[in-house]
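J.: any chance you could fold what I've pasted below:
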Amino acid sequence: MKEKRVTKKAIFASLLSVAVCTSMLIGTSYAWFTDSVTSSNNKIVAGTLKVDLQVKGGNTGYDKYTSIKESSEPVFNYELWEPGYTVWTNVKVVNEGSLALKYTLRFVSDDDLTKAKLADAIDVYYVPEDVAAPDSRPDFTTEPYVNYYKGTLAEVFSGTVDPIEDKLEENQDADYATIVLKMKEKAGNEYQGEALPAFDLQLIAMQASYEEDTFGKDYDEKANGIPDHPEWGGLNTKASAKAVDGEDTVINGVGATLTIPAGAYDDGTAVAFEVKEGTTPGGIVIGDDNTAMTYDISVTPEETVSLKKVELNIGKGKSGLVVYHETTAMTKLTADNTTAEGYFYNPATGMLTIWSKTFSPFTIITAKPTTVAVADAVEAIEAAKSGDTVVLGEGTVALPANLPENVLIKGSTSGETKVDAGALLSKTQPVSVNFENVSFNPATGGDGRILNMKGEGTFTNCVFDNGNSWSSVYGVTQTGDVTFDGCTFKANAYACNFGTTSGTLLLKNCDFTGWNSWGDGGKIVIEDCKFHMSASYGVICSWADITISNCELDDGVQIYAHKVPKVWTINNTTKNGVKITAENIKSMFDITDSDVTDIWNICECYVDGVRVPADEA
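T.: Okay, here's the model as predicted:
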């Protein structure tokens, strides 16, 4: 029998402490607090956001909950995994502060758990309540257990499935959950003697996006835990991983990622990565029209030969960007660089990539954004260069005939910036268009479409509202990747409709009212969205492979596929407050149109990992 590298008692080490990260963002960003429970020796101190993770059992007996800071027992305690073996654990998330919060439970490790063979044979189930283990062994292929399946341990660790997350209201003291690990009953002899690296259960809590200030609850509704403008809040993160012989080492922190080329460290070497705010070195001149942020970036143990890559989320739409390594200005490179020291910034994503062999203070200088009056918008936008940001004032804007490549156009933060429909109605040149905080006026006459574009694009916190008229975003031709984040689509008939797609269309945190359909190519990804009925319609229709996750559908909203043999994947989604499952989906959606009567035979449909059975002939 192969000797085990790590006993199973070490699989879930007792979680004894908390790492705390708090930040408040100002300007066009959103206020947020975070708190987390991880494996170290700190105490939970985060102002009024304070959390604890407790486990049933431990030092206080089977029926009582014990804080992981006080228990000497592992969360999961078992020596030898075997097919069918099941570990049933109840946890409690305690809100010890005064703020409403949303939280995530995740598995973390210094090793890459996805490469552990045994992790592919252990299934993870999550129940969002305190459920006692049944007296007899349950059948996990039947309800309600099949609805709680998250994925294999490897999939949950890698983040390829929906995370384990929930929320605590302001006056809610605690929340309960049940986590079940079960080795697949059909796991074969190839898993004998296999071991798992040590890994921990981590609780990360963040201030909920519905705390209220003097003016209401919307001041932090878009908060996601990562600063949009680090020069105001700062990136502060620590992470580590072990080098694997022959493979790149990738270390993921919050808002920052380090990639080390294969061979830089010996196999098994533990590498630590840290980013924190630093002091700008003397000798760097910062003009009155510029702003600067300095980060101390460290990699230990130190290695000065290989070219390492650091990716930082510094916020979208920066212009005039220059990066200094100590006091030396770095070279601006392209995104595909692999050989030279320097940097590349993508204003559409907000990601700054730095390539360097050594680490010391890095200072990022950007131009302060200035507001352009709407009367001067055309001239300012035409003069903008790739990577620039144009901030528009309050009022209605007529954009130039041709938009420059890769320029971010931002609306006013103190009032509403509107763009006439004609501004994008005929923008068919293949350029990347980027808009933030802008409302698009409907066109007059015709089909009322607001947007018709060709090329890539990002739209953040934008509004496409044609009221009770025929259409809003309609007849769009998409030839690249397009992202809508935090946008609103509303029309009596067609709310958001892409005639053709050849890339990935990502719709997240959006709100839809009306008929929504997407083209016959590429891929559609919908996350954390809400779908409502208009006076006439409420439809989700796709001619492409589509994934719908963490969404809410009003009663009456339907799904259509029009006999196109594509794959529909639905995860953690509800209709009228009822969770959609593989068992109830057929009864929840009245698919009786003659064009789609046999959708279940032609399309593949998966709900929370379970295949929806085809109709009988």
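
J.: can you give me the distance of the spatially closest residue to Glu82 that is not a sequence neighbour to Asn509?
T.: In this structure, Glu82 finds its nearest non-sequential neighbour in Met183, 6.4 Å apart by C-beta to C-beta, 6 or more residues apart in numbering. In this view, the C-beta of every residue, glycine as well, is placed from N, C-alpha and C. Noted for Met183: a distance of 37 Å to Asn509, by C-beta to C-beta, to the nearest Å.

J.: and for Ser306?
T.: 38 Å.

J.: looking at those two now, which is surrounded by more residues?
T.: Asn509 (18 against 12; other C-beta atoms under 10 Å).

J.: just the pLDDT for the nearest residue to Val250 once chain neighbours are set aside.
T.: Nearest residue to Val250 in three dimensions, chain neighbours excluded: Thr259, at 5.2 Å (C-beta to C-beta, 6+ apart). At Thr259, the predicted lDDT confidence score is 94.

J.: bridged to Thr259, which residues?
T.: In this entry, Thr259 is beta-bridged to Val250, Lys309, by DSSP bridges.

J.: wait, isn't it in contact with Leu307?
T.: No. Counting by C-beta atoms under 8 Å, Thr259 sits too far from Leu307 to count as a contact (9.8 Å).

J.: hang on, isn't Glu583 packed against Glu143?
T.: Yes. Taking C-beta under 8 Å as the definition, Glu583 is a contact partner of Glu143 at 6.5 Å.

J.: tell me which of the two has more neighbours.
T.: Neighbours per residue (other C-beta under 10 Å) separate Glu583 from Glu143, with Glu583 holding more: 15 against 12.

J.: need the phi and psi values for that one.
T.: In terms of degrees, to the nearest 10, the main-chain angles of Glu583 are phi -80, psi -30.

J.: ok, the one 5 residues further on next?
T.: Phi and psi for Met588, reported as degrees, to the nearest 10, are phi -80, psi -20.

J.: so how far is Val607 from it?
T.: In this structure, Met588 lies at 10 Å from Val607, with C-beta to C-beta as the measure.

J.: neighbour-wise, which of those two wins?
T.: Taking Met588 and Val607 together and counting by other C-beta under 10 Å, Val607 has the greater number of neighbours (23 against 19).

J.: shared neighbours of Met588 and Val607, anything?
T.: Overlap of the contact sets of Met588 and Val607 (by C-beta atoms under 8 Å, 6 or more residues apart in numbering) consists of Ile580.

J.: surely Asn147 is within a helix?
T.: Yes. Under DSSP: H, G, I helix; E, B strand; the rest coil, Asn147 falls within a helix.

J.: right, and it touches Val578 too?
T.: No. Counting by C-beta under 8 Å, Val578 is not a contact partner of Asn147; they are 11.5 Å apart.

J.: the more surrounded of those two?
T.: For Asn147 and Val578, the more surrounded residue by other C-beta under 10 Å is Asn147, and the numbers stand at 19 against 11.

J.: and the pLDDT for that one?
T.: According to the prediction, Asn147 has pLDDT 83.

J.: low-scoring stretches of the stretch 451-600 of the chain, by residue?
T.: 451-455, 467-472, 474-479, 500-501, 562-563, 590-599 (pLDDT under 70).

J.: can you check which strand is longest in this structure?
T.: Looking only at the chain and at elements set by DSSP state E, the strand with the highest residue count is strand 488-500.
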